[in-house]
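Colleague: Structure, please.
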Amino acid sequence: MDKFNKYQLEDLVSLIKSKKWIEGEKKTIKFLKKYPDDIILLNLYSLFLNQNNNFNKSEIILKKILETDPRNIDAINNLGLVFKKQNKYKESIDCYEQLLRVNHNVPATYNNLGTVYKQMGDFSNAVINYNLSISKDANFFDAYNNLGIVQEEIGNISEAIKNYKKCIEINPIQSDIYEGKIFQLNYITNNEIEKNIHFRKSIRPLIRWIKGEGLDDKITKASIAIATKLFGDEVDYCLCTNNLNSRRVREILSLSSQPVCWMPLGSRENIELSSILTKAGCSENNFGYWWKWFPERVRPFAPEWVVEGDMLIIKKPKWFNKWKSGSDVVRISASDESAWPKEYYGEYANLLDDKIKLYSGFVSLPPNFYYLKDMIKIMNKQPLKNNHNGVYNFSEQGLISAVFSKYSIKKIPIEEFPIANALFESNSKNKNSSNKIWGYHFARSFIKENIFFTKYINLKKNNWIKKNPSLKKQFEWLRNNGQFGNEGYSMNPLCVNRILSVIKNYKDIQVLEIGTSRGYLTALLSRFNKVTTIDHKDRGAFINLSGLNIKIVKEDMLSFLKKDHNKYKVILIDLHGNSKKVWSKLWSLIPARLEFKSKVILYNSHLYKIDRFREGNGIKFLLDSNLLKKFNLKIYDKPLPGMIICSND
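Modeller: Residues are numbered from 1 along each chain as shown. Down below sits the predicted model:
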């Protein structure tokens, strides 16, 4: 009889690497009919069974191997994995300790042992074993990743960041993922969640997208571009992300024609749901589909749409105005029954009404509508299975369908919002009459490029989406039209052009900006020169501008100027408070910070001409008191609030 050969083995290993567990199990069964006693093949079969949650059969096979070969390392290791997945922690630990007695220099064994302790909640022993793994191999990627996760869970953020940076060093190909994690941790550390409080209290209608680390960036980018063009300033916009770094987010938002609030998500946004997922053995890295419900509401008191990042809204639905006014019912997208058999709904399939199959990709909510309490109630009564993975498991769809079907909702028909699945070559639902369609769901695009999206975006009418945006267009999302609270409004575009016409004459100079706001002008200035920007409050600039050639300082401007010894070629001042008292103190510190032949640009020079800002006469005071007499002045009283360019040439 011929033997199981290396080519057949490589075939199965490739299925393991691509995580095709079901296909691997089927192929292994075929091989076993020919080679029923091959130990390597039996070990691989047990591995596929384990991944497909057939723990009992996997355990039987492994114990059978160990009866004939008690020291078979692969069988002992795989048995440890089987026990771990069933939460049989003592048995799993026994397996790994047995392996260490055979060979105490294998880093993977310590790593696996650490993961068992992590699942038990014994973080101290988890850290010890991950560090032992690293001591055996200083470049063992999995140990650094797992150690970072544990440090994150116990609140040791600096150590978590240190380990994630090591992951980037070892495997640069995954740098985007780990840069996103690091960014996320810095975001949480800086209490950015609380800084969005003004935005979240608003009662203006909101569209929010959910975007994870999948491959659908181009779709989310097009979705936001089309929506901001379609709805304009009728609504506000928000992009919620998980594990995306600032460079990637800026690219996604680079075609937006309206301000967008960027909110990186963390488990703190929904502590109750996070706790349940963690108890089911689902790490934050694997929350996947569940991120849509972090937080329950971004704007509790406003109409709100929750939109997956692989969806396009191409025209207003007939009920848009009713939703915008806050008087509409709850609406949720329908599932495509041909693509979504009932078993796809996981643990909660038994709770579904066969007549009401829903898909949680698009949800339209009225003000003051809450659903989390009902979600948690069901999840406590019928818990998720152990080792839940929200990236690949569809239990979230089943739960949302079960919860929302109990409310007085309206289902969004599939013919109005068809699904074009990246995993299928044809999608019959897209043959509907186009006059009914107001949105598309380019499903599974986070896994694979979606040919249907490519066809749609290549239509002549969509050419504008493929063009490279201008410098100003790239950062349009950072503008501010008042929806971020008491920060006011962004600089008039004509005044922005005047400033850029001044700045473009310089190269590699030091620019000081006083009054960062969200960072719109700061980002534009940084393309020409080195920028230092100061503001007494962080209005999102720290995350919005992360990674650009900008030094961001959160400090009172007077305090900063008194201790700053740098000199600047250009100083730009755009304050929210422009009283005589403020400017008399500020101006006394400005001349000392100027280089020879420099410029000071004063925005809001004629703010006092606007009725509600009568007290904003600080720059008028400078003019009336001849404090600007040493400068050549270009005074622009229009458009309000005006600006003055002061030159000491």
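Colleague: Could you give the average pLDDT over stretch 170-181?
Modeller: What stretch 170-181 shows for mean pLDDT is 83.
Colleague: Can you list the residue ranges for helices in the stretch 201-350 of the chain?
Modeller: In the stretch 201-350 of the chain, the helices defined using DSSP state H, counting those that start in this stretch lie at 217-231, 246-252, 271-279, 320-324.
Colleague: pLDDT below threshold where in this protein?
Modeller: Scanning the chain with the threshold set as pLDDT under 70 gives 1-4, 6-7, 184, 187-196, 336-344, 354, 421-434, 482-488.
Colleague: Could you rerun that using 50?
Modeller: Along the chain, the parts satisfying pLDDT under 50 run over 1, 193, 423, 426, 428-432, 485-487.
Colleague: show me what contacts the residue nearest the centre of it?
Modeller: Nearest to the mean C-alpha position of the chain, counting by CA atoms, centre = their mean, stands T241 at 1.7 Å. By CB atoms under 8 Å, 6 or more residues apart in numbering, the contact set of T241 is 180, 210-212, 249, 262-265. All C-beta spots, glycine's among them, are computed from the backbone N, C-alpha and C.
Colleague: measure it to S333 for me?
Modeller: Taking CB to CB, to the nearest Å as the measure, T241 falls 21 Å from S333.
Colleague: for S46, same thing?
Modeller: Taking CB to CB, one finds S46 at 40 Å from S333.
Colleague: So the two - more neighbours on which side?
Modeller: Neighbour count, other CB atoms under 10 Å: between S46 and S333, S46 has more, with 28 against 24.
Colleague: from memory that one sits against N78, does it?
Modeller: Yes: the criterion here is CB atoms under 8 Å, and S46 meets it with N78 at 5.2 Å.
Colleague: Spell out which residues are contacts of both of these two.
Modeller: Contacts common to S46 and N78, judged by CB under 8 Å, 6+ apart, are 58, 62.
Colleague: V502 contacts V600, doesn't it?
Modeller: No: the pair V502 and V600 does not pass the contact test of CB under 8 Å, sitting 10.7 Å apart.
Colleague: Please, where are all the helices along the stretch 451-600 of the chain?
Modeller: Taking DSSP H, counting those that start in this stretch, the helices of the stretch 451-600 of the chain run over residues 451-457, 463-466, 471-474, 493-503, 520-526, 541-544, 557-563, 580-587.
Colleague: Now render those as CSV, adding mean neighbour count.
Modeller: Putting the helices of the stretch 451-600 of the chain into CSV (neighbours: other CB atoms under 10 Å) gives the following:
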stretch, mean neighbour count
helix 451-457, 16
helix 463-466, 12
helix 471-474, 15
helix 493-503, 16
helix 520-526, 23
helix 541-544, 22
helix 557-563, 14
helix 580-587, 17
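Colleague: Can you report how many residues lie near D508?
Modeller: A count of nearby residues for D508, using other CB under 10 Å, gives 8.
Colleague: what sits in contact with each of V502 and V600?
Modeller: Residues touching both V502 and V600 (CB under 8 Å, 6+ apart): 570, 645.
Colleague: Contacts only, for the residue nearest to D564 when sequence neighbours are not counted.
Modeller: Leaving aside its sequence neighbours, D564 sits nearest to R593 (CB to CB, 6 or more residues apart in numbering; 6.7 Å). By CB under 8 Å, 6+ apart, R593 lies in contact with 512, 561, 564, 566-568, 571.
Colleague: so which of these is the most crowded?
Modeller: Compared across these, L512 has the highest neighbour count, 26 neighbours, by other CB under 10 Å.
Colleague: bridging residues for it?
Modeller: T532, I571 (DSSP bridges).
Colleague: thinking it is in contact with D574, fair?
Modeller: No: taking contacts as CB under 8 Å, L512 lies outside contact range of D574: 11.7 Å.
Colleague: Next one: the nearest residue to N389 once chain neighbours are set aside from I157, what distance?
Modeller: Nearest residue to N389 in three dimensions, chain neighbours excluded: N286, at 4.7 Å (CB to CB, 6+ apart). Distance from N286 to I157, counting by CB to CB: 20 Å.
Colleague: swap in T109?
Modeller: Counting by CB to CB - T109 and I157 are separated by 28 Å.
Colleague: cool, and N243?
Modeller: On the measure of CB to CB, N243 and I157 end up 15 Å apart.
Colleague: ok, now S405?
Modeller: 40 Å.
Colleague: domain ranges for this structure?
Modeller: For the chain, automatic domain parsing gives the domain ranges 6-187, 193-270+284-343+356-377+409-466, 490-647.
Colleague: Tell me how many other residues crowd N468.
Modeller: Per other CB under 10 Å, the neighbour tally for N468 reads 8.
Colleague: Using PDB, list the CA coordinates for the biggest strand by length in the chain.
Modeller: Secondary structure assigned by DSSP state E gives strand 594-603 as the longest strand of the chain. Taking C-alpha atoms only, strand 594-603 is exported to PDB below (Å, rounded to 0.1, in the frame of the first residue of the first chain):
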ATOM      1  CA  LEU A 594       8.500  86.200  15.400                       C
ATOM      2  CA  GLU A 595      11.400  85.700  13.000                       C
ATOM      3  CA  PHE A 596      12.800  88.600  10.900                       C
ATOM      4  CA  LYS A 597      10.500  89.200   7.900                       C
ATOM      5  CA  SER A 598       7.600  87.200   9.200                       C
ATOM      6  CA  LYS A 599       3.800  87.300   9.100                       C
ATOM      7  CA  VAL A 600       1.000  87.200  11.700                       C
ATOM      8  CA  ILE A 601      -2.500  86.300  10.400                       C
ATOM      9  CA  LEU A 602      -5.300  87.400  12.600                       C
ATOM     10  CA  TYR A 603      -8.700  85.800  12.000                       C
END
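Colleague: Distance check, the closest residue in space to S175 that isn't next to it in sequence against I134.
Modeller: With CB to CB, 6+ apart as the criterion, S175 has its nearest non-adjacent residue at 4.7 Å, and that residue is I168. Per CB to CB, I168 is found 16 Å from I134.
Colleague: Over to Y345?
Modeller: Taking CB to CB as the measure, Y345 falls 41 Å from I134.
Colleague: which one of these two has more residues nearby?
Modeller: The neighbour comparison of Y345 against I134 (other CB under 10 Å) goes to Y345, with 24 against 19.
Colleague: what about the residue nearest to the more buried one when sequence neighbours are not counted, neighbour count?
Modeller: Using CB to CB, 6+ apart and skipping residues adjacent in sequence, the residue nearest Y345 is G398, 3.0 Å away. G398: 25 surrounding residues under other CB under 10 Å.
Colleague: so who does G398 touch?
Modeller: Going by CB under 8 Å, 6+ apart, G398 touches 344-349, 351-352.
Colleague: a strand runs through it, doesn't it?
Modeller: No: assessed with DSSP: H, G, I helix; E, B strand; the rest coil, G398 is helix; it does not lie in a strand.
Colleague: What distance do you get for E153 to G121?
Modeller: Computed as CB to CB, the E153 to G121 distance reads 9 Å.
Colleague: what's the answer for R297, then?
Modeller: Note on R297: its distance to G121, by CB to CB, is 31 Å.
Colleague: And D508, how close does it get to K569?
Modeller: 10 Å.
Colleague: what do those two both touch?
Modeller: Common contacts of D508 and K569, defined by CB under 8 Å, 6+ apart, comprise N529.
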